[in-house]
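In: Here's a sequence, model it:
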Amino acid sequence: MTSATVYDLATKDLDPPLAVVDLAAFDANADDLRRRAAGKAIRVVSKSVRCRALLERVLAMPGFEGLMCYSLAEAVWHVEQGTTDDIVVAYPTADHEALRRLAASEPARAAIAIMVDSPEHLDLVDAALGHGHPEIRVCLELDASWRPVPGVHVGTRRSPVFTPKQASTLARQILARPGFRLVGVMAYEGQIAGLGDAAGARLNRAVIRWMQRRSAAELNRRRGEAVRAVQAVTSLEFVNGGGTGSIESTGADAVVTEIAAGSGLIGPTLFDGYSRFTPRPAALFALPVVRRPTRTIATLFSGGYIASGPAGASRVPQPYLPTGLKLLGFEGAGEVQTPVTGRAARSLQLGDRVWLRHAKAGELAERFTHYHLVQGDRVERTVPTYRGEHQNFG
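Out: Down below sits the predicted model:
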């Protein structure tokens, strides 16, 4: 029995478009993340999942502790729902309403640490809450990009805090401000965690691996110095680093106490190109065949679920099952229809399903209100995504 038949059987009473999460694949991916972390705690990155039931599932597993949210409003909501009492918000916030909700809730204040990388972030909180506000837990973000020579920047553009001295200075500024408590340091190495090293031409793969080795060595030295500089000022509850793609190198850094990961649970197409691990595809979506314009082309309903990031082929969803299908280069995945061609297209009939994979892990949940959780050839249960719970955090 092929996987396509299993998913078709499991959802035979449901009309596509629909999305499933294969629980066996999800759980296997969680086991692999835990193996790669080699004993260090994994903080689950919520943006890569965006489904409360799945977040609760993985948080109940050994080795996974707390959430890393992308929005303060999202973090407060999770506290209100009882998902967890340990949350780091990975990006600074300018959401005054969410800050007021945070300040007004003792459980939220105890659970959540917001991200800061400058005194201006503290000023913004003071402006939203007024002076004399309750103590807000904050995490200092150290920029983890690689800058081998002046003017060259490799990695995501995040914090202005790059050197140990800058980290120490900001830590002292936080400590001097009433209403704030510094509890952690975070550094996200996107040039390692988010960049596959096993795709493309051989020369390109070699250059990426060389860059990642050099970048990891530089970061581990600088991060260690920065953390020690901050610890000379105050004690820390955690030092967070990494992502699904850099668990090994991040975990090897002695100062890191926890590793952030989420995409590895889902296994989207952007994570097919890594040499260190191979996640199983856990989230799939099915589109129905609605047209047969030619003998070699089948047209699917909807499907233009393009992922964020630099525009290009890597951000387009890919046909997965049945095997032997591909998109048309001149039309791609469209808002209302998606034609596919290839060997398998000849046998597709109206109403048949084609299963596709999204390029990024969590963004599929923005397209569907529910995930059908599949165990073998049956739907174990159907659960809402963030959208299904009427939540949209931007």
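In: which stretches of the protein form helices?
Out: Per DSSP state H, the chain carries helices over the ranges 3-10, 23-37, 52-59, 72-81, 96-104, 106-111, 119-129, 164-175, 190-193, 202-231, 247-251, 263-266.
In: Report all helices and strands that the second one contacts.
Out: Other elements packing on helix 23-37 under the criterion 3 or more C-beta pairs under 8 Å, 6 or more residues apart in numbering; DSSP states H and E are helix 52-59, helix 247-251, strand 258-261, helix 263-266, strand 370-375. Quick note: C-beta positions are derived from backbone N, CA and C, even for glycine.
In: what does the longest one rub up against?
Out: I take that to be helix 52-59. 21, 26, 30, 44, 46, 49, 64-67, 78, 81, 83-84, 265, 371, 373, 383-384, 386, 389 (C-beta atoms under 8 Å, 6 or more residues apart in numbering).
In: Now do the buried residues in stretch 178-197.
Out: Using 16 or more other C-beta atoms under 10 Å as the test for burial, stretch 178-197 gives 179-180, 182-197.
In: do the same with stretch 246-261
Out: 246-251, 253, 255-261.
In: try stretch 96-106
Out: Applying a neighbour-count criterion of 16+ other C-beta under 10 Å, one finds 98-99, 101-103, 105 buried in stretch 96-106.
In: quick check, nearest of these to Arg346?
Out: Ala98 (52.5 Å; C-beta to C-beta).
In: pLDDT at the closest one, what is it?
Out: Ala98 carries a pLDDT score of 98 in this model.
In: list the contacts for it?
Out: Under the criterion of C-beta under 8 Å, 6+ apart, the contact partners of Ala98 comprise 71-73, 76.
In: Out of these, who's the most crowded?
Out: Within the contacts of Ala98, most neighbours by other C-beta atoms under 10 Å means Val76, with 27 neighbours.
In: Ala128 versus that one, what's the distance?
Out: Using C-beta to C-beta, to the nearest Å, one obtains 14 Å as the distance from Val76 to Ala128.
In: can you list the buried residues of stretch 246-261 in CSV and add pLDDT?
Out: Written out in CSV, the entries for these read as follows (pLDDT from 0 to 100):
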residue, pLDDT
Ser246, 93
Ile247, 95
Glu248, 94
Ser249, 92
Thr250, 95
Gly251, 94
Asp253, 95
Val255, 97
Val256, 97
Thr257, 98
Glu258, 98
Ile259, 98
Ala260, 97
Ala261, 97
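In: ok, so of the contacts of Ala98, who is nearest Leu350?
Out: Closest to Leu350 out of the contacts of Ala98 is Ser71 (41.2 Å), distances taken as C-beta to C-beta.
In: thinking again about what came up before, got TSV for the helices and strands packed on helix 23-37, with distance to Pro17 too?
Out: As requested, the helices and strands packed on helix 23-37 are exported to TSV (distance: least, C-beta to C-beta, whole Å):
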stretch	distance to Pro17
helix 52-59	19
helix 247-251	33
strand 258-261	28
helix 263-266	18
strand 370-375	11
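In: out of the ones you listed, nearest to Tyr7?
Out: With C-beta to C-beta as the measure, strand 370-375 is the member of the helices and strands packed on helix 23-37 nearest Tyr7 (6.6 Å).
In: So which residue is smack in the middle of this structure?
Out: For the chain, Ser48 is the residue whose C-alpha lies nearest the centre (C-alpha atoms, centre = their mean; 3.2 Å).
In: pretty sure that one is touching Ala365, no?
Out: No. If you go by C-beta atoms under 8 Å, Ser48 and Ala365 don't touch, sitting 9.5 Å apart.
In: How much space separates Thr169 from Ser249?
Out: For Thr169 relative to Ser249 (C-beta to C-beta), the value is 27 Å.
In: Backbone torsions only: list them for the closest residue to Pro281 other than its chain neighbours.
Out: Residue nearest to Pro281 in three dimensions, not counting chain neighbours: Gly267, with 4.7 Å by C-beta to C-beta, 6 or more residues apart in numbering. Backbone geometry at Gly267, expressed as degrees, to the nearest 10, gives phi 70, psi 50.
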